[in-house]
Every structure is written in C-alpha cells, then in structure tokens.
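> Attaching a predicted model along with its sequence, questions to come.
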Amino acid sequence: MLTGFLKLPQHHAHGTALSTVISTGISATFGYSSLGLINWSLIPAMTVSGMVTSAAGAKLANRLNPLALKASLGLFMMAISPMIIFREQIVSSLTKRSEAEKSRGNRSQMRMALIGAGSGLLSGLFGIGGGIVTVPALLFMSDVSHKESLGLSLASMVMPAISGGLVHLKQGNVVLRIAVPLSLGTCAGAYIGSKYVAPNVSTDHLKFGFAAFMAVVGFRYFKNSSSLFLRNK
C-alpha cells in the first residue's frame with residue numbers, strides 16, 4: 001500500500017511500515033495478555049535475539065536489492081501457507097515424540113531465541129511484523145496453540161521493531177507524516193482484533209484466515225516485486 005497508493009520509495013516504505021509494527025504489537029499484546037494467551041516466560045529469549053537481528057536487518061536492507069528480497073519473501077509466504085492448514089498432519093508424520101519430550105523440549109529458550117532471531121531479521125529487512133515467520137515457526141517448532149502463537153508473535157516483536165525502527169529513522173527511511181496517523185489506526189485495530197474478535201473466532205477459522213492471508217500477500221509480493229525487478233535490470 002505504501003509503495004502503491006502513497007508512492008513511497010521501497011526503503012521509505014520499509015522504514016515507515018516498521019514504525020507502525022511497534023504500535024500494533026503493543027496494542028495487541030494488551031489484548032491477548034488480558035485473555036491469558038501470552039506465556040511471558042518465552043518472551044525474553046525471542047525479544048533479545050530479535051532486537052539484535054532486527055537492527056542488523058535494517059542496516060542490511062539499504063545494501064541489498066529490496067525488490068529481489070521481497071520477491072523471495074513472497075515465495076516463502078506462498079510455500080508456507082498450506083503447511084499452516086495441515087500443521088497437525090505434517091508434524092505427526094514427521095516425528096513421533098512422547099508427551100514428556102514435547103513438554104521438555106518444545107518450549108526451550110534456545111528454540112525461542114532462534115525463532116526470535118529469524119523474525120527480527122525479516123522485520124528489519126522488510127519493515128514487517130515478524131508474524132509471517134514467528135507464527136509458522138511456533139506452530140511447527142513448539143506445542144503452542146494457534147491463538148497462543150499469535151499472542152507470542154505480537155508481544156515478542158515490539159522491542160525488535162523499536163530496534164530496527166531506530167536504525168531506519170537514523171537512515172531517513174521513516175516518513176513521520178504517514179507513520180504517525182498510520183500507527184494510530186493500526187493501534188486501534190490491533191486492540192479490537194486481539195481483544196474482541198480473535199477470542200470469538202474458532203482456531204480453524206483463524207488458521208485458514210492466516211494461511212489465506214499469507215498466500216494472497218505472498219503472491220502480491222512476488223508478482224509485483226519480480227516484475228519490477230526484471231523491468232529494472
């Protein structure tokens with residue numbers, strides 16, 4: 001939207017979008033936390049690793065071709081979307097772990113740190129919330145529910161978004177006249193969605209909705225970015 005409707009350059013769009021992730025994460029965290037859907041013991045490892053990689057991703061974004069990167073992100077999103085729908089079947093066919101092994105290993109701090117690092121890197125690179133990485137990773141690498149994965153993703157992305165956002169701000173990539181009103185709007189929408197909408201939607205509907213979102217946005221990323229990349233070569 002920022003590059004299409006508002007005609008922002010790609011790097012400015014990344015920085016401005018990342019600034020709105022901060023308000024979205026904070027607002028939605030309050031909503032999910034009030035419903036008991038955030039396990040705070042898992043947040044520190046995800047946050048610390050995400051802060052480091054988000055800042056690195058923001059610095060790297062200015063050095064790499066953003067169109068090629070976004071096309072790659074689109075392919076990833078399209079590939080992962082059907083896997084979210086069939087998560088249970090895929091996990092059960094790949095591994096047969098006992099309940100003791102699940103509870104002991106699936107929420108390890110090292111695993112959470114790796115998830116946070118991947119989420120932070122993409123957040124800094126593309127100016128997006130890390131949910132497109134964090135939610136699928138949590139679903140496949142831990143035993144949290146889909147609603148818990150959404151809450152964890154939103155809570156853990158706040159500090160990495162601030163870290164990456166500050167780097168983008170120093171580089172002049174944040175357009176404040178757009179970022180401020182956009183942040184206010186996403187803040188209100190995120191709280192309403194997390195507090196009043198998500199609890200009343202079945203897990204299956206959330207799962208299908210998230211997968212559809214991943215597929216559609218991924219296709220748009222790939223189609224628009226790859227065509228512009230080829231045109232500019």
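Structure's in. What do you need? Because the structure is predicted, anything quoted here is derived from the model rather than measured. Residues are numbered from 1 along each chain as shown.

> For the chain, name the helix or strand with the lowest mean pLDDT.
For the chain, the helix or strand with the lowest mean confidence is helix 99-105, at a mean of 46 (criterion: mean pLDDT, DSSP states H and E).

> Could you identify the longest helix within this structure?
In the chain, with assignment by DSSP state H, the single longest helix is helix 203-232.

> name the helices or strands packed onto that one?
Packing partners of helix 203-232 (3 or more C-beta pairs under 8 Å, 6 or more residues apart in numbering; DSSP states H and E): helix 66-85, helix 146-156. (Each C-beta comes from the backbone N, C-alpha and C, glycine too.)

> quick one, the shortest one and helix 66-85 angle?
Okay, so that is helix 146-156. Computed by axes from the mean of the first three to the mean of the last three C-alpha atoms, to 10 degrees, the angle separating helix 146-156 from helix 66-85 equals 150 degrees.

> Tell me which other helices or strands helix 146-156 touches.
helix 10-34, helix 43-61, helix 109-126, helix 131-141, helix 203-232.

> And the contacts of it?
24-25, 28-29, 32-33, 35, 37-40, 42-43, 46-47, 50, 116, 119, 129-131, 134-135, 138-139, 142, 144, 190, 194, 198-199, 203, 206-207, 210 (C-beta atoms under 8 Å, 6 or more residues apart in numbering).

> how about 6 Å then?
Outside of helix 146-156, the residues within contact range by C-beta atoms under 6 Å, 6 or more residues apart in numbering are 25, 28-29, 32, 37-38, 43, 46-47, 116, 131, 134-135, 138-139, 203, 206-207.
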